[in-house]
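1. structure for the following, please:
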Amino acid sequence: MIDAPDLETEGGRAAYRRELRGVGLPVRAAGLALILLAAVFVVLASRGMLGLSEDAVVIGYGMLAFGWALVITAVFIRTRHHRQRMQTLNRETSL
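-> From the prediction side, this is the model:
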(Lines give C-alpha, C1' and ligand atoms only; values in the text may rest on other atoms or scores of the structure.)
Protein backbone atom coordinates (compact mmCIF):
# COMPACT_ATOMS: atom_id res chain seq x y z
CA MET A 1 0.00 0.00 0.00
CA ILE A 2 1.18 3.53 -0.72
CA ASP A 3 2.11 5.70 2.25
CA ALA A 4 -0.20 8.58 3.06
CA PRO A 5 0.96 11.92 1.66
CA ASP A 6 2.62 14.35 4.07
CA LEU A 7 0.44 17.43 3.63
CA GLU A 8 2.02 19.24 6.58
CA THR A 9 5.06 20.38 4.57
CA GLU A 10 5.27 22.38 1.37
CA GLY A 11 7.40 19.65 -0.21
CA GLY A 12 4.84 17.00 0.69
CA ARG A 13 2.01 19.05 -0.79
CA ALA A 14 4.01 19.65 -3.98
CA ALA A 15 4.74 15.92 -4.26
CA TYR A 16 1.06 15.11 -3.81
CA ARG A 17 0.08 17.66 -6.50
CA ARG A 18 2.56 15.98 -8.87
CA GLU A 19 1.07 12.60 -7.99
CA LEU A 20 -2.48 13.83 -8.68
CA ARG A 21 -1.45 15.35 -12.02
CA GLY A 22 -0.11 11.95 -13.09
CA VAL A 23 -3.26 10.03 -12.17
CA GLY A 24 -5.36 9.42 -15.28
CA LEU A 25 -2.88 11.31 -17.45
CA PRO A 26 -2.94 8.87 -20.40
CA VAL A 27 -6.75 8.87 -20.48
CA ARG A 28 -6.91 12.67 -20.18
CA ALA A 29 -4.25 13.18 -22.86
CA ALA A 30 -6.00 10.78 -25.23
CA GLY A 31 -9.29 12.60 -24.65
CA LEU A 32 -7.78 16.01 -25.34
CA ALA A 33 -6.01 14.74 -28.45
CA LEU A 34 -9.26 13.22 -29.71
CA ILE A 35 -11.12 16.48 -29.06
CA LEU A 36 -8.57 18.43 -31.11
CA LEU A 37 -8.58 15.86 -33.89
CA ALA A 38 -12.38 15.83 -33.96
CA ALA A 39 -12.54 19.63 -34.13
CA VAL A 40 -10.24 19.67 -37.16
CA PHE A 41 -12.19 16.80 -38.71
CA VAL A 42 -15.52 18.64 -38.26
CA VAL A 43 -14.15 21.83 -39.79
CA LEU A 44 -12.68 19.98 -42.77
CA ALA A 45 -15.83 17.91 -43.30
CA SER A 46 -18.17 20.88 -43.02
CA ARG A 47 -16.19 22.74 -45.71
CA GLY A 48 -16.02 19.70 -47.97
CA MET A 49 -12.23 19.56 -47.88
CA LEU A 50 -10.22 16.36 -48.42
CA GLY A 51 -13.21 14.81 -50.15
CA LEU A 52 -15.19 14.55 -46.92
CA SER A 53 -18.94 14.84 -47.23
CA GLU A 54 -21.41 16.44 -44.84
CA ASP A 55 -22.13 12.95 -43.46
CA ALA A 56 -18.59 12.90 -42.06
CA VAL A 57 -19.53 15.76 -39.72
CA VAL A 58 -21.62 13.30 -37.69
CA ILE A 59 -18.57 11.08 -37.28
CA GLY A 60 -16.59 14.12 -36.14
CA TYR A 61 -19.19 14.97 -33.54
CA GLY A 62 -19.11 11.37 -32.32
CA MET A 63 -15.33 11.62 -31.96
CA LEU A 64 -15.78 14.88 -30.08
CA ALA A 65 -18.28 13.31 -27.67
CA PHE A 66 -15.99 10.32 -27.06
CA GLY A 67 -13.05 12.65 -26.40
CA TRP A 68 -15.04 14.54 -23.78
CA ALA A 69 -16.15 11.25 -22.25
CA LEU A 70 -12.47 10.31 -21.86
CA VAL A 71 -11.64 13.64 -20.21
CA ILE A 72 -14.56 13.30 -17.79
CA THR A 73 -13.50 9.72 -17.04
CA ALA A 74 -10.00 10.95 -16.19
CA VAL A 75 -11.50 13.49 -13.77
CA PHE A 76 -13.48 10.72 -12.05
CA ILE A 77 -10.36 8.53 -11.85
CA ARG A 78 -8.38 11.35 -10.27
CA THR A 79 -11.19 12.20 -7.83
CA ARG A 80 -11.51 8.57 -6.75
CA HIS A 81 -7.75 8.34 -6.25
CA HIS A 82 -7.74 11.52 -4.15
CA ARG A 83 -10.67 10.29 -2.03
CA GLN A 84 -8.95 6.96 -1.37
CA ARG A 85 -5.66 8.66 -0.48
CA MET A 86 -7.40 11.01 1.96
CA GLN A 87 -9.18 8.05 3.58
CA THR A 88 -5.77 6.42 4.02
CA LEU A 89 -4.49 9.63 5.58
CA ASN A 90 -7.50 9.88 7.91
CA ARG A 91 -7.13 6.24 8.98
CA GLU A 92 -3.45 6.70 9.79
CA THR A 93 -3.97 9.92 11.75
CA SER A 94 -6.83 8.51 13.80
CA LEU A 95 -4.76 5.57 15.05
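2. isn't Ala74 up against Arg21?
-> No: assessed by Cβ atoms under 8 Å, Ala74 is found out of contact with Arg21, at 11.0 Å. Yep, even glycine has a C-beta here, placed from its N, CA and C like the rest.
3. and the two? Which one has more around it.
-> Under the neighbour definition other Cβ atoms under 10 Å, Ala74 and Arg21 were set side by side, and Ala74 has more, 20 against 11.
4. pLDDT value on the more buried one, please?
-> For Ala74, the model assigns a pLDDT of 97.
5. contacting residues around it?
-> Residues near Ala74 by Cβ atoms under 8 Å, 6 or more residues apart in numbering: 24-25, 27-28, 31.
6. what separates the residue nearest the centre of the chain from Leu70, distance-wise?
-> The centre of the chain sits closest to Arg28, judged by Cα atoms, centre = their mean, with a distance of 2.7 Å. Distance, Arg28 to Leu70, by Cβ to Cβ, to the nearest Å: 7 Å.
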